[in-house]
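J.: What would the 3D arrangement of this be:
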Amino acid sequence: MKAISNKTAAVMVAVLLLSACGDTQGQRALSGGAIGAGAGALGGAVIGGSVAGGALVGGALGAATGALTNKNQINLDH
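T.: Below is the predicted model of the structure:
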């Protein structure tokens, strides 16, 4: 398996940090899971790993990030 480049890692971290958008906990978990799954699939494809595995891990991390944050912690409107 190939090592992840710094640029790829930075993009993946940024996507996870921005993945929890929404007013309610459920909305943040749903949007976080969707964006995380997309980022994970892309990451898996970029590093030559499993696209499905990347989507599964990214989706789980994104959903967890969304569910565990509140709208005051992640506010992209201001």
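J.: only C-alpha atoms for contact and neighbour calcs from this point on.
T.: Fine.
J.: Contacts only, for A63.
T.: By C-alpha atoms under 8 Å, 6 or more residues apart in numbering, A63 lies in contact with 20, 28-34, 36.
J.: try 7 Å
T.: A63 sits next to 29-30, 32-33 when contact means C-alpha atoms under 7 Å, 6 or more residues apart in numbering.
J.: Figure out the helix or strand that it lives in.
T.: Following DSSP states H and E, one finds A63 within helix 51-67.
J.: Could you give me the buried positions within that helix?
T.: Judged by neighbour count (16 or more other C-alpha atoms under 10 Å), helix 51-67 contains these buried residues: 51, 54-67.
J.: which of those sit farthest apart?
T.: By the measure C-alpha to C-alpha, V51 and A67 form the most distant pair in those, at 23.8 Å.
J.: quick revisit: so can I have TSV of the contacts of A63 showing neighbour count and pLDDT?
T.: As requested, these are arranged in TSV below (neighbours: other C-alpha atoms under 10 Å; pLDDT from 0 to 100):
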residue	neighbour count	pLDDT
A29	26	89
L30	22	89
G32	30	87
G33	28	90
